[in-house]
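Student: okay, sequence plus prediction incoming.
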Amino acid sequence: MSFTTKYLDKINFPVDLKQFSLAELQEIANELRQATISFVAQTGGHLGAGLGVIEITCALHYVFNAPQDKIIWDVGHQSYPHKILTGRKNLMHTVRKPNGLSGFTKRAESEFDPFGAGHSSTSISAGVGIVAAKHLKGENGDVIAVIGDGAMSAGMAYEAMNNAGALKECFTNNRLIIILNDNEMSIAKPTGAMANYFSKLASSKSYLKIREFSKRLSHHFPDQLNKYPRKLEKSIKEWWMGGNIFEEMGFYYIGPIDGHRLDLLVPILQNIQQTQPTQPILLHCITEKGKGYSETMPTADKLHAVSTFDYATGIQHKTKSSSPSYSQVFGEKLTLLADQQPNIVAITAAMPSGTGLDVFASKHKNKFFDVGIAEQHAVTFAAGLATENIVPFCAIYSTFLQRSYDQVVHDVAIQNLPVRFIIDRAGFVGADGPTHAGSFDIAYLINLPNMVLMAPTNGLEFIQMLNTACMINNQPSAIRIPRANTQENLNYHDTQTLPIGKGKVVLQGQNIAIIAYGTIIENALQASKMFFAKYGFEFTIINALFAKPLDEDLILSTAKKHSIVFTIEEGAMGGFGSAVAHLLLQNNLLDAGKIIFRSLFMPDYFIEQNTIEAMQEEANLSPSFIFEIAKKLYDTQQNNKL
């Protein structure tokens with residue numbers, strides 16, 4: 001760390017907090033905030049969310065007894081301060097690095113992480129499950145779910161609360177406490193009616209005043225009447241403010257309170273802990289994302305994710321690329337297309353900047369829809385638009401599109417609606433690890449009737465695929481793009497479209513053919529050069545462009561001219577390679593060893609955080625592996641001819 005501490009050096013586990021006074025706890029919180037900034041300055045990663053929950057983290061570990069009591073962090077990037085206090089302080093410099101700490105909560109990493117979370121809005125469901133399990137086993141304990149950072153915009157949170165409100169028998173000896181970390185931010189500004197509802201609650205002091213009035217009034221009641229102030233309080237609040245959604249769902253609501261005031265947080269949590277549980281509790285805390293550093297390093301997303309930076313100045317160590325990312329290309333090109341086609345709209349689920357659509361939103365505000373962290377709704381919303389001849393482009397990360405698979409199948413594919421999916425962060429994503437890797441989209445979309453699947457190998461092809469998608473008005477389509485930059489000096493005004501289901505030969509060689517889907521083709525091209533250096537000839541390399549429909553004529557004619565055929569994709573098994581293998585089998589090309597066929601894809605396990613190159617190496621998708629397996633098969637084939 002870049003500063004000295006009076007207290008934090010003495011704290012290795014939460015139990016160490018309990019020796020300090022409340023006044024000292026505030027000093028510990030100040031040091032924890034500086035430590036969080038210092039560590040993220042070294043590693044990069046998620047900063048703003050953690051800075052917003054410093055006091056909540058300290059208060060929870062001060063009052064409750066983790067790991068016996070379960071503290072669940074929704075969207076684990078809030079958890080950096082929690083990690084510092086739970087035995088991982090000396091490993092924080094390894095966050096998001098190979099063999100280091102995860103940037104999210106992770107069960108395998110610590111007993112203080114009872115539930116892993118890389119995606120949002122899961123904490124309440126997990127908490128309800130843990131409370132129910134404790135009830136079934138006859139155990140007692142507290143379960144705390146800290147949800148916020150926009151996660152309350154997802155329907156799953158309300159599904160869980162609805163369920164919790166009906167499980168009253170589970171709360172006779174166990175507490176479920178939801179901490180609503182209301183910081184008025186997701187990754188971008190939160191959207192929708194619920195965000196407005198929280199703002200309305202936060203701006204009203206009436207709840208706290210009524211609760212204090214009820215508490216004071218109870219002191220004047222005889223002991224036998226002390227059970228009535230709660231009913232009185234609820235009646236007054238309903239008369240004064242019309243009730244609130246949380247109480248209607250069966251929760252005991254407290255707040256809103258200042259989530260940065262330990263003198264409020266600690267006594268309230270202690271009171272909750274000392275009260276016989278009868279129903280789930282929701283404590284509404286108003287916090288500031290990025291608190292304590294947002295002025296030093298001002299960003300639009302309140303320091304959601306940062307690269308490494310100078311601790312003193314806040315200047316990030318970013319290497320500025322002269323070439324745009326695929327996401328930026330998407331935003332620029334779709335903006336131009338919308339200038340020309342008034343029916344084009346863009347949809348995202350709380351990721352306007354991540355998907356490149358912030359550019360589109362600034363130019364076409366009325367045609368841009370950020371639905372919040374609500375991928376299921378985003379897909380069906382797009383389907384509804386498509387029924388009215390609107391041209392929807394629905395941009396969602398591959399890993400998040402998983403959350404809306406039923407909507408893709410039932411609401412889009414079965415109805416054959418022309419929704420255009422832009423699947424961002426497809427393939428390996430590096431430091432964000434397996435929770436954010438785009439591993440499964442090829443496999444889970446290629447089996448859907450009516451779907452057109454495309455993947456570019458460069459920026460120009462992507463622009464042409466976007467042109468093509470605009471013209472596909474009779475069925476759904478999807479374009480997968482990686483977390484990567486593309487080439488410079490792109491012509492965004494290019495109007496060329498691609499023939500559906502047609503690939504192309506990018507390198508004509510002999511004996512060995514590689515059919516590649518997406519940007520992983522670069523590894524095949526490098527392997528071909530290595531092979532040429534040893535054997536004097538290169539591979540034939542096909543750029544598939546489409547995983548569905550396949551270019552059957554090109555694939556079959558290529559297979560018949562080569563004795564060894566590979567497919568390669570940066571996706572899980574059951575995807576592009578499986579489709580090609582099925583085509584070859586149906587045409588009897590794999591009978592009696594006519595062709596040696598190998599399919600290269602991600603392995604059947606989750607690859608941990610690393611550089612993208614190292615992850616490809618582990619997955620046997622690197623140029624060196626392609627060269628080695630091609631060499632082995634070719635040498636064996638030649639020896640068998642002798």
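Tutor: That came through, no problem.

Student: do I have it right that Ile347 meets Ile390?
Tutor: No: in this structure Ile347 lies outside contact range of Ile390 using C-beta atoms under 8 Å: 10.3 Å. C-beta: built from backbone N, CA, C; applies to glycine.

Student: so the residue positioned nearest the centre of the chain: helix, strand or coil?
Tutor: Nearest to the mean C-alpha position of the chain, by C-alpha atoms, centre = their mean, lies His119 at 4.6 Å. Counting by DSSP: H, G, I helix; E, B strand; the rest coil, the backbone at His119 sits in coil.

Student: that older thread, so which of Ile347 and Ile390 has more stuff around it?
Tutor: Set Ile347 next to Ile390 and count neighbours by other C-beta atoms under 10 Å: Ile347 wins out with 26 against 15.

Student: you'd agree that one is in a strand?
Tutor: Yes: with three-state DSSP as the criterion, Ile347 is part of a strand.

Student: quick one: contacts for it?
Tutor: The neighbourhood of Ile347, defined by C-beta atoms under 8 Å, 6 or more residues apart in numbering, consists of 369-371, 378, 381-382, 385, 392-395.

Student: so who does the residue nearest to the centre of the chain touch?
Tutor: By C-beta under 8 Å, 6+ apart, the neighbours of His119 are 75, 399-400, 403, 435.

Student: returning to what we had before: mark which of the contacts of Ile347 are part of helices, please.
Tutor: The helices in this structure, assigned by DSSP state H, contain 378, 381-382, 385 from the contacts of Ile347.

Student: tell me the first helix or strand C-terminal of the longest helix along the chain.
Tutor: With secondary structure taken from DSSP H, the chain has its longest helix at helix 22-43. Heading C-terminal from helix 22-43, the first helix or strand you meet, by DSSP states H and E, is strand 45-46.

Student: just the helices from the stretch 301-450 of the chain, written as ranges.
Tutor: 326-340, 357-363, 375-387, 398-401, 405-406, 441-446 (DSSP state H, counting those that start in this stretch).

Student: where does this structure dip in pLDDT?
Tutor: Scanning the chain for pLDDT under 70 picks out the ranges 1-3, 149, 185-243, 297-302.

Student: domains in it, by residue range?
Tutor: Recorded structural domains for the chain (assignment: automatic domain parsing) are 8-296, 326-480, 504-641.

Student: deepest in the core, which of those domains is it.
Tutor: Among the domains of the chain, domain 326-480 has the highest mean neighbour count (mean count of other C-beta atoms under 10 Å), at a mean of 22.

Student: for that domain, measure first residue to last.
Tutor: Using C-alpha to C-alpha, to the nearest Å, the gap from the first to the last residue of domain 326-480 comes to 10 Å.

Student: what about that domain, distance to the chain center?
Tutor: 16 Å (C-alpha atoms, centre = their mean, to the nearest Å).

Student: work out for me the element the nearest residue to Glu159 once chain neighbours are set aside sits within.
Tutor: When the adjacent residues along the chain are set aside, Glu159 lies closest to Ser125, with 7.2 Å between them (C-beta to C-beta, 6 or more residues apart in numbering). Using DSSP H and E, the secondary-structure element containing Ser125 is helix 123-137.

Student: my guess is Arg261 meets Glu55, correct?
Tutor: Yes: at 7.0 Å, Arg261 counts as touching Glu55 under the criterion of C-beta under 8 Å.

Student: residues in contact with His82?
Tutor: If you count contacts by C-beta under 8 Å, 6+ apart, His82 has them with 57, 61, 71, 73, 105, 112.

Student: SS state for it?
Tutor: His82 falls in the helix class when you classify it by three-state DSSP.

Student: for the stretch 51-200 of the chain, what spans make up the strands?
Tutor: Under the criterion DSSP state E, counting those that start in this stretch, the stretch 51-200 of the chain contains strands at 70-73, 141-148, 174-182.

Student: let me redo that: the stretch 401-550 of the chain
Tutor: Taking DSSP E, counting those that start in this stretch, the strands of the stretch 401-550 of the chain run over residues 420-424, 452-454, 477-480, 504-507, 512-517, 540-543, 546-548.

Student: now do the second one: everything it contacts.
Tutor: I take that to be strand 452-454. Applying C-beta under 8 Å, 6+ apart, the set of residues contacting strand 452-454 from outside is 442, 445-446, 465, 468-469, 472, 475-480, 498, 500-501, 545-549.

Student: recalculate using a threshold of 7 Å.
Tutor: Outside strand 452-454, the residues that touch it by C-beta atoms under 7 Å, 6 or more residues apart in numbering are 445-446, 465, 472, 475, 477-479, 500, 545-548.

Student: closest to Glu295 among those?
Tutor: Ile479 (39.7 Å; C-beta to C-beta).

Student: right, and the closest one touches Ala426 too?
Tutor: No: judged on C-beta atoms under 7 Å, Ile479 makes no contact with Ala426 at a distance of 9.1 Å.

Student: correct me if wrong: the residue nearest to Glu159 contacts Tyr158.
Tutor: No: shown here, Ser125 and Tyr158 do not form a contact pair, counting by C-beta under 7 Å, at 10.5 Å.

Student: how near is Asn489 to Gly430?
Tutor: When distance is defined by C-beta to C-beta, to the nearest Å, Asn489 is 26 Å away from Gly430.

Student: now Ala533
Tutor: Using C-beta to C-beta, which is the criterion applied here, Ala533 is 29 Å from Gly430.

Student: repeat for Val506
Tutor: In this structure, Val506 and Gly430 are separated by 26 Å, where distance is defined by C-beta to C-beta.

Student: could you do Ile347 as well?
Tutor: Separation of Ile347 from Gly430 (C-beta to C-beta) stands at 26 Å.

Student: for Phe309, same thing?
Tutor: In this structure, Phe309 and Gly430 are separated by 18 Å, where distance is defined by C-beta to C-beta.

Student: with Pro482 instead?
Tutor: Taking C-beta to C-beta as the measure, Pro482 and Gly430 are separated by 11 Å.

Student: against which helices or strands is the helix holding Ser125 packed?
Tutor: In terms of contacts (3 or more C-beta pairs under 7 Å, 6 or more residues apart in numbering; DSSP states H and E), helix 123-137 is packed against strand 70-73, strand 141-148, helix 155-165, strand 174-182.
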